[in-house]
Structures are given as C-alpha cells and as structure tokens.
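*Asks:* Sequence first, then the predicted structure:
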Amino acid sequence: MILDEIVEKRKINIAKQKQIKSLAMLKQEAEALPQNRDFPLEKALMKQDINFICEVKKASPSKGIIAQDFPYLTIAKEYELAGASAISVLTEPDYFLGEDKYLQEIAQNVSIPVLCKDFIIDEYQIYKAKILGASAILLICAILDDETLRRFFTLAEKLGLSCLVEAHDENEIKRALKVQARIIGVNNRNLKDFTVDVENSLKLRSLVPENVIFVSESGIKTKEDIEKLRVHQVQAVLIGETFMRAKDKVLALKELYGKKISPKVKFCGMKTREDIAIINRYTPDYVGFIFAESKRQVSMQTASDLAKILDEKIKKVGVFVNASLAQIEEIAQKVSLDIIQLHGDEDNEFIKALKNKLDLPIWQAIKVKDIVDIERAKQSIADMILFDAYVKDSAGGTGKSFNWDLLKDFTGEFILAGGINKQNIIRAIRTTKPYIVDISSGIEKDNHKDENEVKTISELLRKVG
Ligand SMILES: O=C(O)c1ccccc1N[C@@H]1O[C@H](COP(=O)(O)O)[C@@H](O)[C@H]1O
C-alpha cells in the first residue's frame, strides 16, 4: 500500500537527517524559539464563511508531476492575494517532491499561517517544522497509533504549533476527538486506493462537534463542491491540485468561493498632483484628503488645487480630527467636498450641529479595541460608520488592522479601514462584507502613494467583484 511505502521512505530519510543533525540538537534549537500560544491557524479558519487552505505541491503519487515549472514563492504569494486563509506546503521529498526550503521561504514571505504538510512519524519532524517557521503540522491518524498521536499532539501544542488531525472514517474521527483536536481534516481521498469522494466529508460532518473546526481535504474542484460543504457548515477546505493547475489563482479561488463581493473603494491621503494622476487612472469611488495633523496633511489650498484635476466621477472626502464647525464648513466649500469624515472624538451633538450647517453626508470613524466600540457605533447619528483600528495616541492612518471578527454582529452598511493592503484585502472583504473599503498606508511605499499598489488592489477588487 502506498501509505506504507511513504512511511518506510520517511523513516529512512529521517534516519539520514539525524546523522547530520541529532534530535537533541534540533530539539534545543526548536525550544529556543518563541512558543507563543496564539494558534493563528485556528483563528484564520474561523473568519470567512468558508476558508481556503491552498496547497503548494509539485507532485503527488496519484498525479505525478503537477507543476513542471514550480515558482513556489510566487504561488504562495498569489494564494495570499487571492484570499487564502492559510497555506499548506508539502515537504515530503520522495513522492511529493517537497523540500524544507519551500516551507521555510514561504513562511518568511507570507503573513498567513503555514501548515507543514508531511507524513509525520517522528518527533524530529515536529521540531523541524517549528524551526522552518510553520504555524501548524499535519497528523495523520492512519499512520499513528493512539499513544503516538497523543504524544505528537502534546509536543506540537507545547511548541505552539496547531495540529490539523486528519481522519478518513468514523473511527479515525473518534480517535482525533480523543486527543482533543481543535482542527479535524476529513480526507476525501482514500489513501489505500486513491479514490476520491467529496461526499465523505458530508457523510462524516455530524460526527465533529461545532466547537471543532472541520476541514474538508482533497478532490474539491468546483463551486458546487464548495456550496455543498458550506451548506453543511464545513469551516474550511484544503485544496491542492485544482489551485496548482490554475493559471490565475485569484480567479480560481473566486470561482470556487462562488460569491461576488464588490465593495466601493476609497483611497485616502492624497497630497500631490502625481497622486491624483495615479488615482485618475484607477478611478476609485472616493478619495480622501487629510486636513488633520498627519504626514498626509494637506492645506485647504492644495486640496482645492488637487480637487480641480481629479476625475469628476470620484467623490472627495475631507478627513478631520476634532476640527471646529467653522473650519470644516470653510474647507468643505473651498474644496467642494462631497463627504465629511470625522476621525476624532466628535460626538452626536457636534454631528447634529454640522448637519445643520452643511448638507453633506457625514462619516464617523470608530476606532475599534473591543466589542464595546462596536456597541458605541450603534449610537452614532452619522450617516455611515467607518471602523478603524484603535492605536494609542494616534488619530488614524496607522496601517494597523483590528480584529474583524468583532464586526460579525454589526448590521447595516459600514466602511472598513485600518491596515488594509493587497495581502489582506480579499480576506478582509470576505470576512466583514463592508459597503466601502478604505485604504491609505496600504497604497504607499516609502511614504508615497505607489501606482503598483493602487493597481494591484484595483485589479484584485475587479477580479473578485
Ligand atoms: O491617514 C492619515 O494620516 C490620517 C490621519 C488622521 C486621521 C485619519 C487618517 N486616515 C484615515 O485612517 C484610516 C486608515 O488608514 P490606514 O489604511 O490604516 O493607513 C482611513 O480611514 C484614513 O482615512
């Protein structure tokens, strides 16, 4: 049986590795690393209505070479842009042609969790995964007895690694639950004969309790497959071949995700004629001018000059932090603002007074630290709430994001801001479903608006919309 063959080869390979670096040395190295217990994979797989773990693999025993040309880092980065929640990287060398360096380089270059996908039969591999920068490892019930499964699970936990515990049938699910796995992957591929059946996940779904993340693995190819899994409250899918063979990963993931999300876009913090020239080429729905103290602050005169060369389809938002009514009124008139964004401590009384003076929509920024802030937003009389990250002693434009999960129960239209960039924009909009997405730092390089960033974000949004 192929699984036995892989395991045998793994034993030989690991024995060789131990001759080069002993288990004791590897252990010491791994234990010296930070062992934080954030478990980012668990968090990542709870965010979107269905979360994608996209796999980087060159070959497989059932399909042979999948990717002749294998730019593994580019592939991983594309997965991240496409909205993947995590990346799985094959490190098994003999049958999947995996390499440790794939895992190491990918983990260094993406900001989403990376799973070490291997046939783990020796604790040596767990320490290795930690050193290579993995956030999680795969533990396959079919190749581990109960005692070993528990021992490996405990060791991984101690090192701060999440475990995706893989099961194929009812008995293996029971074994995974016995070790208190927080993530169970149901493999739709029968490792004995390679047959694949997505129905396997649906058949076994009810055996995994709600508080355990259910991942459906293998053979997922169509949006109909995803929809079936979504209906059965499967939180995540692990997909390799389908994505590896797709030329455009963003389009492939969008196709499988199956739902369009097209928020309006605001690019904020325009300061120069060059910025406006870039913006005019990509025509977002809104641009923002910052009139508050900031590295992006513009004078009324500059904003007025820039407004004159701005494509007239784009609406102009003036961003103020605790400015007076008179200041806002004067700037709004001079710059012909379309919207006022209040980004300070302005209260309902102030908003009311402003509404009496100006016939313009008012957006109020709420800086989110915890759920209390979301409740506070519900009391605002502003026309729209803009959620941004709370950063002590800073008014905004920090490039920091907040915990989007806090928005789960916020009903009504809102603007999502705070640290949105090309790497997280698709995940952000699929997680929170905002009416408008607002980006400032995320379209800058070396403190200047950067055309490539604007272009990438605009194209990503066009592709998924
Ligand atoms: O951008 C600024 O410098 C700024 C200064 C003061 C208040 C608000 C500011 N910008 C707003 O901040 C958010 C998020 O920006 P980022 O993407 O995290 O950099 C956005 O709404 C901007 O309008």
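*Replies:* Sure, I can see it. What you see is a predicted model; the values in this text were computed from it and never measured.
*Asks:* Give the burial count for residue 237, as a bare number.
*Replies:* 28 (other CB atoms under 10 Å). To be clear about C-beta, it is placed using only N, CA and C from the backbone, and glycine gets the same treatment.
*Asks:* what's the answer for residue 168, then?
*Replies:* Residue 168 has 22 neighbours, counted by other CB under 10 Å.
*Asks:* so how far is residue 216 from it?
*Replies:* 12 Å (CB to CB, to the nearest Å).
*Asks:* Need the overlap of contacts for those two.
*Replies:* residue 186 (CB atoms under 8 Å, 6 or more residues apart in numbering).
*Asks:* Check the gap between the residue of the stretch 1-150 of the chain found nearest the ligand and residue 212 for me.
*Replies:* Closest approach between the stretch 1-150 of the chain and the ligand, counting by CB to the nearest ligand atom: residue 111, at 15.2 Å. To residue 212, residue 111 is 25 Å away according to CB to CB.
*Asks:* And those two? Which one has more around it.
*Replies:* Higher neighbour count among residue 111 and residue 212: residue 212, with 18 against 9, using other CB under 10 Å.
*Asks:* which helix is the longest one in the chain?
*Replies:* Under DSSP state H, the helix in the chain containing the largest number of residues is helix 2-20.
*Asks:* Might you report the residue contacts of residue 269?
*Replies:* Contacts of residue 269 by CB under 8 Å, 6+ apart are 288, 289, 290, 294, 296, 397, 440, 444, 449.
*Asks:* surely the second one meets residue 319?
*Replies:* Yes: distance between residue 289 and residue 319: 6.7 Å, which falls inside the contact criterion (CB atoms under 8 Å).
*Asks:* Which of the two has more residues huddled nearby?
*Replies:* residue 319 (31 against 28).
*Asks:* Against which helices or strands is the host helix or strand of the more buried one packed?
*Replies:* Here residue 319 sits within strand 315-320, counting by DSSP states H and E. Packing partners of strand 315-320 (3 or more CB pairs under 8 Å, 6 or more residues apart in numbering; DSSP states H and E): strand 264-268, strand 286-290, helix 325-335, strand 339-342.
*Asks:* which residues touch it?
*Replies:* 266, 268, 285-292, 303, 307, 310, 327-328, 331-332, 335-344, 363, 396.
*Asks:* overlap between the residues you listed and the residues near the ligand?
*Replies:* By CB under 6 Å from any ligand atom, the members of the contacts of strand 315-320 lying near the ligand are 268, 288, 290, 292, 343, 396.
*Asks:* pLDDT check: weakest of the residues you listed?
*Replies:* Lowest pLDDT of these: residue 396, 94.
*Asks:* so is that residue in a helix, a strand, or just coil?
*Replies:* Assigned by DSSP: H, G, I helix; E, B strand; the rest coil, the conformation of residue 396 is coil.
*Asks:* burial count for it?
*Replies:* With other CB under 10 Å as criterion, residue 396 counts 26.
*Asks:* I'd say it and residue 341 touch.
*Replies:* No: look at residue 396 against residue 341 with CB under 8 Å: they stay out of range, at 9.2 Å.
*Asks:* would you list every one of the helices in the stretch 151-300 of the chain?
*Replies:* 170-178, 199-204, 223-231, 241-244, 249-257, 273-282, 300-309 (DSSP state H, counting those that start in this stretch).
*Asks:* so can I have TSV of those showing distance to residue 455, mean neighbour count and mean pLDDT?
*Replies:* Formatted as TSV, the helices of the stretch 151-300 of the chain follow (distance: least, CB to CB, whole Å; neighbours: other CB atoms under 10 Å; pLDDT from 0 to 100):
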stretch	distance to residue 455	mean neighbour count	mean pLDDT
helix 170-178	45	17	98
helix 199-204	38	18	97
helix 223-231	28	17	97
helix 241-244	23	20	96
helix 249-257	14	20	97
helix 273-282	7	17	98
helix 300-309	20	16	98
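*Asks:* out of the ones you listed, nearest to residue 454?
*Replies:* For residue 454, the closest of the helices of the stretch 151-300 of the chain is helix 273-282, at 5.3 Å, according to CB to CB.
*Asks:* right, is that closest one up against the ligand?
*Replies:* No: judged by CB under 6 Å from any ligand atom, helix 273-282 stays clear of the ligand, getting no closer than 12.6 Å.
*Asks:* what pairs with the closest residue to residue 181 other than its chain neighbours across the strands?
*Replies:* The spatial neighbour of residue 181 that comes closest, neighbours along the chain excluded (CB to CB, 6 or more residues apart in numbering), is residue 165 at 3.8 Å. Taking DSSP bridges as the rule, residue 165 bridges to residue 139, residue 184.
*Asks:* Quick check: residues of this protein near the ligand?
*Replies:* Going by CB under 6 Å from any ligand atom, the residues of the chain near the ligand are 268-269, 288, 290, 292, 294, 296, 319, 321, 343, 386, 388, 395-399, 417-420, 438-442.
*Asks:* Just the buried ones from these, in PyMOL syntax?
*Replies:* Command for PyMOL that selects the buried part of the residues of the chain next to the ligand, burial taken from 16 or more other CB atoms under 10 Å:
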select buried, resi 268+269+288+290+292+294+296+319+321+343+386+388+395+396+397+398+417+418+419+420+438+439+440+441+442
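*Asks:* what does stretch 356-372 rub up against?
*Replies:* Identification of contacts with stretch 356-372 by CB under 8 Å, 6+ apart yields 317, 325, 328-329, 332, 337-344, 346, 351, 354-355, 373-374, 376-377, 380, 382-391, 396, 402-403, 406, 415, 417-418.
*Asks:* Domain ranges for the protein, per the record?
*Replies:* What automatic domain parsing lists as the domains of the chain is 2-257, 264-464.
*Asks:* ends of stretch 396-415, how far apart?
*Replies:* End-to-end span of stretch 396-415 (CA to CA, to the nearest Å): 14 Å.
*Asks:* and it, how far out from the chain's middle?
*Replies:* 14 Å (CA atoms, centre = their mean, to the nearest Å).
*Asks:* Now do the buried residues in it.
*Replies:* Using 16+ other CB under 10 Å as the test for burial, stretch 396-415 gives 396, 397, 398, 401, 402, 404, 406, 407, 410, 414, 415.
*Asks:* hang on, the earlier thing: including distance to residue 135, could the contacts of residue 269 go into TSV?
*Replies:* Formatted as TSV, those follow (distance: CB to CB, whole Å):
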residue	distance to residue 135
288	35
289	40
290	36
294	35
296	34
397	30
440	29
444	28
449	33
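*Asks:* now, among the residues you listed, which is nearest to residue 143?
*Replies:* Nearest to residue 143 among the contacts of residue 269, with distances taken as CB to CB, is residue 444, at 48.2 Å.
*Asks:* The closest one: what's it in contact with?
*Replies:* 269, 450, 453.
*Asks:* before we move on, back to that, please point out which parts of the longest helix of the chain sit buried.
*Replies:* 6, 7, 10, 14, 17.
*Asks:* so where's the stretch 301-450 of the chain uncertain?
*Replies:* Within the stretch 301-450 of the chain, no stretch has pLDDT under 70.
*Asks:* How about residues contacting stretch 223-242?
*Replies:* 45-46, 49-55, 57, 60, 63, 66, 85, 88, 164, 185, 198, 201-202, 205, 210, 213-221, 252, 255-258.
*Asks:* For those residues, which PyMOL command selects only the ones that are buried?
*Replies:* In PyMOL syntax, the buried subset of the contacts of stretch 223-242 is picked out as below (16+ other CB under 10 Å):
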select buried, resi 45+50+51+52+53+54+55+57+60+66+85+88+164+185+198+201+202+205+213+214+215+216+217+218+219+220+252+256+257
